[in-house]
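Asks: Mind looking at a prediction? Sequence and model below.
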There are 2 protein chains.
Amino acid sequence: MFREKIKVLDCTIRDGGLMNNHEFDLHFVRAVYKALSEAGVDYMEIGYKNSKKLFNPKEFGKWKFCDDEDIIKVTEGIESKTKISVMVDVDRVDIDDVKPRKDSPVALIRVATYVKDVDKAIFLANHFDSKGYETAVNIMAISRALDNELTECLQQLEKECKAQVINIVDSFGALYQETTEFLVKKAKNILKTKEVGMHAHNNQQLAFANTIEAIIHDANYVDATVYGLGRAAGNCPLELMLGFLKNPKYDIRPILDLISKEFILLSKKMEWGYVIPYAITGILDEHPRAAIALRNSAKKDDYREFYESLIGEVEE
Amino acid sequence: MFREKIKVLDCTIRDGGLMNNHEFDLHFVRAVYKALSEAGVDYMEIGYKNSKKLFNPKEFGKWKFCDDEDIIKVTEGIESKTKISVMVDVDRVDIDDVKPRKDSPVALIRVATYVKDVDKAIFLANHFDSKGYETAVNIMAISRALDNELTECLQQLEKECKAQVINIVDSFGALYQETTEFLVKKAKNILKTKEVGMHAHNNQQLAFANTIEAIIHDANYVDATVYGLGRAAGNCPLELMLGFLKNPKYDIRPILDLISKEFILLSKKMEWGYVIPYAITGILDEHPRAAIALRNSAKKDDYREFYESLIGEVEE
């Protein structure tokens, strides 16, 4: 019954790092890596490769930079087939920081871009490809992309880019199934030589559903995170995805253990998941930054006022 | 853009009542009724009509019995177009407790049944129809129904039952979109003269998605609850449903207010929503009773052991 081509990428530490300046300690990151390895998850995305000229390492955790030595401290001594992935943002990476694949613990580099920056993303993906890495391009904020521009972007990726996978990223948690279907079909139609992937946010409790929807329409790469950890509303919960997939190589049990032992405690210290202001920004197809600010203010539960403030911003 | 036929039934107090023996106080129930009325929600299901010969009124809250006088205390003085619904379970209602429609504040009676009890459900629905009520039949635990028995059940409902609406009930939160699509199409195909509705549970964060899926395939009645309140993992969140529906008669704002003022506090005293043991029973297509018991025990966060205990129950 299962589709062997489906690969699961866990981005718990990478997307979750957006909530704590990438400050996860070594014990925690190793616990995640060990559980993912035992669960048979294909990739673990551990953080961003950001230039230290742009961000001060004293102000952020290790996983904003992902030095190879730090990654090796996570993986050493743990038996694993799980490959390591890092993300780079257009205009924030220093390509000279990235060693050739053969000298690095990293297997996959994913380039995150808006539609408008696709030329820069192609340059970066092709550069990392030339260094021997698997590569992917993540098209962020796709719910805001204009259809003609998205078409051109996808055509260019198909023609000019060596990345093996192109991911649809619902940054705002705004997509419903019908639009997910539309976007995946559109991408599959243009990207004849590549795989399509899905990275969903959970503002409207649709991250898992939209990821299933993407799979139904032949996306083979799916992002998920343990207990849904991720920026604001978080992501598609890995435990649900493993419960859904039929490939016998996956085992949900190490993830259940990991949640019991590490994530319940974390959830008492850090807020992510279904919170009404995040649902509101999802419904309105807005970046969650206003909702994140609200949750750090005295008005954190004044939902109606928050909603009014967003729909009041008429732009005409 | 909107489909006028779509009707929203809020069952916050009815399904939520399964979590507190139906003990919601009058202030709370009136607050819900007022907000639903202002939001333009079509129906409010307030509880069960159970026989006092079977259940001792001293051991349960009012909403396990739904006496007309108690309902009137909720609705009086509040301007509203929201109709009142009550649920009856096969074998638990005393039909003589139900006055004719013209003497009652209730507009809709929904009969909950398993496939095997459909004959009893038809008798009850037709009886309440003869007393002047709108009626519906809810087919519970549909994820466990055998296809041939479900076919016969639906054919019988179409031929013999006067209920206007037949609801698909995913009691265990086990359905994925593809099975929801299959069931809704099957029901629509047989129930030529009736509407199809969807009542989803949120064990796998799919209640909202499966309700959208049902709408895509022409279900016109949808159940939802404020902030997803309901047994165990809860239900499709009403606020998300109102954010999704395009009918201008619906207004999300009174619901946002209600959540701020009543539900945040309640969520600190009562547990419902995304909790791993409920996710596990959903994945395994099991009744949540074992998960509810676990959450009231010292082992509440021993997820792996709980999972093993369920998959260990081989039945052959």
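Replies: Sure, I can see it.
Asks: what about A:Val32, how many residues close to it?
Replies: Other residues near A:Val32 come to 26 when the count uses other CB atoms under 10 Å in any protein chain shown. Where C-beta positions appear, they are placed from N, C-alpha and C, glycine not excepted.
Asks: doesn't A:Ile13 make contact with it?
Replies: Yes - in this structure, A:Val32 is within contact of A:Ile13 by CB atoms under 8 Å, at 6.1 Å.
Asks: if I look at those two, which residues touch both of them?
Replies: By CB atoms under 8 Å, 6 or more residues apart in numbering or on different chains, A:Val32 and A:Ile13 have these common neighbours: A:Met44.
Asks: element containing A:Lys159?
Replies: Per DSSP states H and E: A:Lys159 is located in helix A:147-160.
Asks: Domain-wise, how is chain A divided?
Replies: Per the record, chain A has its domains at A:7-269, A:276-311, by automatic domain parsing.
Asks: Out of those domains, which gets nearest to B:Asn210?
Replies: Among the domains of chain A, domain A:7-269 comes nearest to B:Asn210, with 7.8 Å by CB to CB.
Asks: Establish whether that closest one and chain B are in contact.
Replies: Yes - Domain A:7-269 lies within reach of chain B by CB under 8 Å from any CB of the partner chain, at A:176-178, A:202, A:204-210, A:212-213, A:216, A:227-228, A:237, A:239-240, A:243-244, A:252-253, A:256-257, A:259-260, A:264.
Asks: ok, now which ones touch the closest residue to chain B within the stretch 1-150 of chain A?
Replies: Nearest residue of the stretch 1-150 of chain A to chain B: A:Ala35, at 10.8 Å (CB to the nearest CB). Applying CB under 8 Å, 6+ apart, we find A:Ala35 in contact with A:Val226, A:Pro254, A:Ile255, A:Asp257, A:Leu258.
Asks: Look up phi and psi at the fourth one.
Replies: Dihedral pair for A:Asp257: phi -60, psi -50, per degrees, to the nearest 10.
Asks: A:Thr82 contacts A:Ser37, doesn't it?
Replies: Yes - counting by CB under 8 Å, A:Thr82 touches A:Ser37, with 4.7 Å between them.
Asks: Who has more neighbours out of those two?
Replies: A:Thr82 (23 against 17).
Asks: circling back: in helices only, show me the residues of domain A:7-269 next to chain B.
Replies: If you go by DSSP state H, those have A:177-178, A:207-210, A:212-213, A:216, A:239-240, A:243-244, A:253, A:256-257, A:264 in helices.
Asks: Of the residues you listed, which count as buried by neighbour count?
Replies: Neighbour counting by 16 or more other CB atoms under 10 Å in any protein chain shown classes A:177, A:207-210, A:212-213, A:216, A:239-240, A:243-244, A:253, A:256-257 among these as buried.
Asks: Double-check that A:Asp223 belongs to a strand.
Replies: Yes - residue state for A:Asp223 (DSSP: H, G, I helix; E, B strand; the rest coil) corresponds to a strand.
Asks: quick one: it and chain B, what's the gap?
Replies: 15 Å (CB to the nearest CB, to the nearest Å).
Asks: A:Ala136 - that's part of a strand, no?
Replies: Yes - using three-state DSSP, the assignment for A:Ala136 is a strand.
Asks: and it, how many neighbours?
Replies: The burial count for A:Ala136: 26, using other CB under 10 Å.
Asks: where do the helices sit along the stretch 51-200 of chain A?
Replies: Remark: helices assigned in the stretch 51-200 of chain A by DSSP state H, counting those that start in this stretch are A:68-75, A:118-130, A:147-160, A:177-190.
Asks: Just give the nearest non-adjacent residue to A:Ala187, would you?
Replies: Leaving aside its sequence neighbours, A:Ala187 sits nearest to A:Val196 (CB to CB, 6 or more residues apart in numbering or on different chains; 4.7 Å).
Asks: wait, doesn't the one you found sit right on A:Val184?
Replies: Yes - in this structure, A:Val196 is within contact of A:Val184 by CB under 8 Å, at 6.0 Å.
Asks: Common neighbours of the two, please.
Replies: By the contact definition CB under 8 Å, 6+ apart, A:Val196 and A:Val184 are jointly contacted by A:Ile168, A:Ala214, A:Asp218, A:Ala219.
Asks: and the first one, how many neighbours does it have?
Replies: Burial measure for A:Ile168: 26 neighbouring residues, criterion other CB under 10 Å.
Asks: List the beta-bridge partners for it.
Replies: Taking DSSP bridges as the rule, A:Ile168 bridges to A:Ile139, A:Met198.
Asks: I figured it hits A:Met140, correct?
Replies: No - A:Ile168 is beyond contact range of A:Met140, at 9.6 Å (criterion: CB under 8 Å).
Asks: sorry, back to before: of all the domains of chain A, which one comes closest to B:Ile78?
Replies: Among those, domain A:276-311 sits nearest to B:Ile78 (CB to CB), with 19.0 Å.
Asks: tell me the pLDDT at A:Leu124?
Replies: Per-residue confidence (pLDDT) for A:Leu124: 98.
Asks: Which residue is the nearest non-sequential neighbour of it?
Replies: Nearest residue to A:Leu124 in three dimensions, chain neighbours excluded: A:Val111, at 4.8 Å (CB to CB, 6+ apart).
Asks: a markdown table for the domains of chain A, including distance to B:Glu149?
Replies: Output for the domains of chain A, formatted as a markdown table (distance: least, CB to CB, whole Å):
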| stretch | distance to B:Glu149 |
| --- | --- |
| domain A:7-269 | 26 |
| domain A:276-311 | 38 |
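Asks: Nearest to B:Ala290, out of these?
Replies: The closest of the domains of chain A to B:Ala290 is domain A:7-269. By CB to CB, the value is 15.0 Å.
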